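Q: from the sequence below, what's the structure:
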Amino acid sequence: MSYSPRRAEVRFGCGLSPAVVPAGDAAAFLARLKQPDEAARRFPVETFDEFRVRIAEQREMMAEAKATGTRNKAAKDARRARRDARLDEQRWMAQALLRRATTRDGFRERLTAFWADHFTVVGKGGLLRFGELPYVEQSIRPHVAGRFGDMLKAVATAPMMLRYLDQERSTGPNSAFAARHPGAGVNENLAREMLELHTLGVDGGYSQTDVSELALLLAGLSVDAEEGFTFRARVTEPGAQRVLGVSYGSDGPGSLEEVHAALDDLARHPATAAHLARKLAVHFVGDEPDAGLVAAMASAYRDSDGALMPVYAAMLAHPAAWSGAGNVKAPVDYMGSALRALSVGALPVRQADKLAVLLSQPLELMGQPWMYPEGPDGWPERDEDWITPQGLAGRLQWALNVPQVLVEVLPDPRGFLSVALPDPAPEALRFAAGAAETRAEGIALILASPAFQRM
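A: Have a look, this model is predicted:
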């Protein structure tokens with residue numbers, strides 16, 4: 001099999017839309033990634049640099065309150081800042097889903113979500129609890145069509161990642177700082193996840209010694225008082241650290257340049273090519289992807305020195321990428337593709353309570369609470385993790401109740417079949433959709449059908 005315009009929009013994009021003409025060939029499909037990011041312009045989300053201004057302002061209010069003895073006012077201001085951030089988190093969720101629903105470039109949205117999951121973070125404490133999407137906007141989205149090494153460096157220096165993995169507590173045991181603070185020690189969380197999840201993969205051939213040495217090399221990565229990135233030379237381990245047989249550093253304190261050099265080498269490693277190629281293939285094609293497909297993608301990665309566009313091109317060019325039933329849509333993919341098929345162009349972005357009922361609560365019921373996976377390995381990929389009694393009940397309930405709230409006049413289910421599905425609908429589904437007593441029931445049957453729920 002080869003490129004199919006309608007199949008591409010479903011398997012690699014955000015689904016079919018009556019308002020968007022599918023790209024005619026793979027080159028046109030990929031070219032959209034190099035065009036201006038119109039979806040982000042139309043539905044903006046704060047970058048993390050913008051978001052952290054809130055954190056700095058809150059710190060200033062707390063400091064002023066402490067100095068003037070107005071702690072009650074400070075507590076009230078802190079609650080207000082947290083409430084505003086929580087409301088904006090709901091608004092950004094709606095913006096992210098509207099990007100999926102309206103964009104010409106569904107592949108960009110899917111890739112952004114994929115890489116955000118690959119580099120999972122969850123905000124820990126205070127306003128950071130609501131900073132996940134600003135982190136994605138700044139550290140992930142600009143790099144999805146660039147080089148993996150650049151994305152890796154952006155993530156490794158992202159305050160959200162450093163806080164999530166407690167990296168700001170890491171100290172070289174022989175550093176100048178440790179000499180004055182005997183209890184300080186190195187933290188291996190970031191180094192371990194970087195090798196196991198972000199680059200080489202669990203079977204990538206590294207050892208515990210590599211983890212320990214990389215942790216010493218990364219010790220200077222930290223977060224300043226206003227939640228911005230900083231490199232603390234005084235906590236770095238002096239001397240060279242040896243990771244995967246390569247030495248980084250010299251006799252003096254460590255440097256950010258040495259960290260970047262190690263990250264570049266990890267990004268270029270053949271095991272990283274294999275790990276990323278398989279993970280992309282699993283996400284977009286199937287739980288057990290064709291070995292030839294994975295090999296072609298890994299080869300493209302190595303040959304391009306870690307550029308991602310050739311990897312995507314290799315995936316789209318391989319016949320195995322177009323065969324098989326496709327993955328079951330994760331809840332966010334399911335909801336986004338339903339909004340897209342229904343041509344939903346607006347959501348009540350200023351009404352957090354309504355957004356919770358229409359979007360965030362249903363996502364949680366389906367098994368994928370918004371931007372809140374259980375651990376640093378992100379969301380599961382296997383179909384069986386999404387096909388659960390509660391998850392299916394949540395999808396059916398959403399399909400039956402929400403479209404009629406968001407769409408003033410629902411489409412005729414018989415015509416909607418050709419809009420929503422890339423292939424002709426099964427006879428049983430055509431009959432059921434046509435025999436439904438109401439349009440709402442007909443639309444729900446289509447959205448809840450196996451034909452719609454697979455990519």
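Q: so where's the stretch 101-250 of the chain shaky on pLDDT?
A: Along the stretch 101-250 of the chain, segments meeting pLDDT under 70 span 225.
Q: if we go to 90?
A: 124-126, 168-169, 176-184, 224-227, 249-250 (pLDDT under 90).
Q: quick check: closest non-adjacent residue to residue 189.
A: residue 165 (4.0 Å; C-beta to C-beta, 6 or more residues apart in numbering). For every residue, glycine as well, the C-beta is placed using N, CA and C.
Q: show me what contacts that neighbour?
A: Going by C-beta atoms under 8 Å, 6 or more residues apart in numbering, residue 165 touches 187, 189-190, 193, 376.
Q: can you do 7 Å?
A: Going by C-beta atoms under 7 Å, 6 or more residues apart in numbering, residue 165 touches 189-190, 193.
Q: cool, and residue 300?
A: Applying C-beta under 7 Å, 6+ apart to residue 300 gives the contacts 310-311, 313-314.
Q: could you point out which element follows the longest helix belonging to the chain?
A: Longest helix of the chain, by residue count under DSSP state H: helix 71-102. Going down the chain from helix 71-102, the next helix or strand is helix 106-118, by DSSP states H and E.
Q: just the angle for that following helix relative to helix 71-102, thanks.
A: Taking axes from the mean of the first three to the mean of the last three C-alpha atoms, to 10 degrees, one finds helix 106-118 and helix 71-102 inclined to each other by 140 degrees.
Q: could you dump helix 106-118 to CSV, C-alpha only?
A: Provided in CSV are the C-alpha atoms of helix 106-118 (Å, rounded to 0.1, in the frame of the first residue of the first chain):
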residue,chain,number,x,y,z
GLY,A,106,-2.9,17.7,11.7
PHE,A,107,0.4,16.0,11.6
ARG,A,108,2.0,18.9,13.5
GLU,A,109,-0.5,18.6,16.3
ARG,A,110,0.0,14.8,16.5
LEU,A,111,3.7,15.2,16.5
THR,A,112,3.6,17.8,19.2
ALA,A,113,1.5,15.5,21.4
PHE,A,114,3.8,12.6,20.7
TRP,A,115,7.0,14.4,21.6
ALA,A,116,5.3,16.0,24.6
ASP,A,117,4.5,12.5,25.8
HIS,A,118,8.0,11.3,25.0
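Q: tell me what that helix is packed against?
A: Judged by 3 or more C-beta pairs under 7 Å, 6 or more residues apart in numbering; DSSP states H and E, helix 106-118 is in contact with helix 71-102.
Q: pLDDT of stretch 50-57, averaged?
A: The average pLDDT for stretch 50-57 rounds to 89.
Q: er, stretch 72-90 actually
A: pLDDT averaged over stretch 72-90 gives 84.
Q: burial check on the residue lying closest to residue 49 once chain neighbours are set aside, number of neighbours?
A: The spatially closest residue to residue 49, leaving aside those adjacent along the chain, is residue 138, at 6.4 Å (C-beta to C-beta, 6+ apart). By other C-beta atoms under 10 Å, the residues close to residue 138 number 22.
Q: repeat that for the one 5 residues further on.
A: Applying other C-beta under 10 Å, we find 21 other residues in the vicinity of residue 143.
Q: give the contact list for the residue nearest to it when sequence neighbours are not counted.
A: In space, and not counting its chain neighbours, residue 143 is closest to residue 151: 3.7 Å by C-beta to C-beta, 6+ apart. Taking C-beta under 7 Å, 6+ apart, we find residue 151 in contact with 115, 140, 143.
Q: likewise for residue 390?
A: So residue 390 contacts 365, 367 (C-beta under 7 Å, 6+ apart).
Q: how far away is residue 68 from residue 75?
A: Distance of residue 68 to residue 75, given as C-beta to C-beta, to the nearest Å: 14 Å.
Q: could you measure from residue 374 over to residue 93?
A: Distance from residue 374 to residue 93, by C-beta to C-beta: 19 Å.
Q: so those two - more neighbours on which side?
A: Using other C-beta under 10 Å as the criterion, residue 374 and residue 93 rank with residue 93 on top: 23 against 11.
Q: hmm, that one is touching residue 358, no?
A: No. At 10.4 Å, residue 93 does not count as touching residue 358 under the criterion of C-beta atoms under 7 Å.
Q: can you list the domains in this protein?
A: 160-267, 331-453 (automatic domain parsing).
Q: and these as JSON lines, adding distance to residue 107?
A: JSON lines is the format used below for these (distance: least, C-beta to C-beta, whole Å):
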{"stretch": "domain 160-267", "distance to residue 107": "22"}
{"stretch": "domain 331-453", "distance to residue 107": "13"}
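Q: and of the ones you listed, who's closest to residue 128?
A: For residue 128, the closest of those is domain 160-267, at 6.0 Å, according to C-beta to C-beta.
Q: how close does residue 295 sit to residue 289?
A: Applying C-beta to C-beta to residue 295 and residue 289 gives a distance of 10 Å.
Q: which of the two has more residues huddled nearby?
A: Just comparing residue 295 and residue 289: by other C-beta under 10 Å the higher neighbour count belongs to residue 289, 23 against 16.
Q: pretty sure that one sits in a strand.
A: No. Under DSSP: H, G, I helix; E, B strand; the rest coil, residue 289 falls outside any strand and is assigned coil.
Q: sticking with residue 28, tell me its helix or strand.
A: helix 26-31.
Q: quick one, helices of the stretch 201-350 of the chain?
A: 208-218, 256-268, 270-284, 291-303, 308-317, 331-341 (DSSP state H, counting those that start in this stretch).
Q: hmm, back to that, tell me how far the residue nearest to residue 143 lies from residue 119.
A: Taking C-beta to C-beta as the measure, residue 151 falls 8 Å from residue 119.
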